[in-house]
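> here are the coordinates; sequence isn't available:
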């Protein structure tokens, strides 16, 4: 059966990372940019320390320098980088690991924005446009608004305001390659609730069974 990939992002504690991987998360993310969930490289290394090798490690950046991101890739053994700023295609191409490029969805969303990145990214991440914020807002965008306007040159991830109560709907409606959650499985910024993680993953798997069958 086809499985929607699941990423738990904004991790700040090793115990939460271990719980997420044990519950079946495919990827874990740490925020290495200004954020309520920001961690240092040293803290990120501690978060990832107990994570099994088969679980992807993702570093989230906002307009960081190529050298800064490359250092993080090496020191944390990152599987991919997720870019939420105004990074150029040239920056994406210089990473040396798969790149997830965030696109902001709001009034006037234009999927043509993705075209310039088609040859240099592995995934696009659709997140909610909130003025002054770069992600992690817990606000969902209108999923119906992107039907017929989705990036076509690379798979896409849906983020923004997801939780166990609504993630099944987005899987059924948009059939994304992956879903990405942070605030929807938290008790406070950066502090994950293990039961909410399990419920979120169970909701995705139930939707997968409904959409894709056995």
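Nice, I can see it. Predicted model, so just to flag it, every value in this text is computed and none were measured. Numbering: from 1, shown residues only.

> how about the helices in this protein?
14-23, 41-48, 66-76, 89-93, 167-174, 194-212 (DSSP state H).

> which elements pack onto the third one?
What it means is helix 66-76. Packing partners of helix 66-76 (3 or more CB pairs under 8 Å, 6 or more residues apart in numbering; DSSP states H and E): helix 41-48, strand 56-61, strand 80-83. All C-beta spots, glycine's among them, are computed from the backbone N, C-alpha and C.

> pLDDT of the shortest one, averaged?
Looking back up the chat, that one is strand 80-83. Strand 80-83 shows a mean pLDDT of 98.

> excluding chain neighbours, give the residue nearest to the residue minimising distance to the centre of the chain in space.
By CA atoms, centre = their mean, the chain has its centre lying nearest to residue 180, at 4.2 Å. Nearest residue to residue 180 in three dimensions, chain neighbours excluded: residue 159, at 3.9 Å (CB to CB, 6 or more residues apart in numbering).

> surely the one you found touches residue 127?
Yes. Between residue 159 and residue 127 there is a contact under CB atoms under 8 Å: 4.6 Å.

> more crowded one of these two?
residue 159 (29 against 26; other CB atoms under 10 Å).

> what about the protein, any weak spots by pLDDT?
Scanning the chain for pLDDT under 70 picks out 130-137, 214.

> switch the cut-off to 80
1, 107-113, 129-138, 214 (pLDDT under 80).

> enumerate every residue touching the closest residue to residue 80 other than its chain neighbours.
Once flanking residues are discounted, residue 80 sits nearest to residue 98: 4.3 Å by CB to CB, 6+ apart. When contacts are counted by CB atoms under 8 Å, 6 or more residues apart in numbering, residue 98 is found next to 79, 80, 81, 121, 122, 123.

> what number of residues lie near the third one?
Counted with other CB under 10 Å, the neighbours of residue 81 add up to 25.

> and the first one, by the same measure?
One way to gauge burial is a neighbour count; for residue 79, by other CB under 10 Å, it gives 16.

> test my guess that it contacts residue 53.
No. With contacts defined as CB under 8 Å, residue 79 does not count as touching residue 53, sitting 9.9 Å away.

> ok, residue 33 touching residue 68?
No. Contact status for residue 33 versus residue 68: not in contact, 10.0 Å apart, counting by CB under 8 Å.

> what sits in contact with each of those two?
By CB under 8 Å, 6+ apart, the residues touching both residue 33 and residue 68 are residue 61.

> between these two, which has more neighbouring residues?
residue 33 (20 against 12).

> ok, back up a step: now, which of the contacts of residue 98 sits nearest residue 189?
residue 81 (21.6 Å; CB to CB).

> from residue 111, how far off is the closest one?
22 Å (CB to CB, to the nearest Å).

> kindly report the same for residue 141.
13 Å.

> same check on residue 77?
Taking CB to CB, one finds residue 77 at 33 Å from residue 111.

> looking at these two, which has the bigger crowd around it?
Between residue 77 and residue 111, counting by other CB under 10 Å, residue 111 is the more crowded of the two (18 against 13).

> in this structure that one contacts residue 147, no?
No. Counting by CB under 8 Å, residue 111 does not reach residue 147; the two are 11.1 Å apart.
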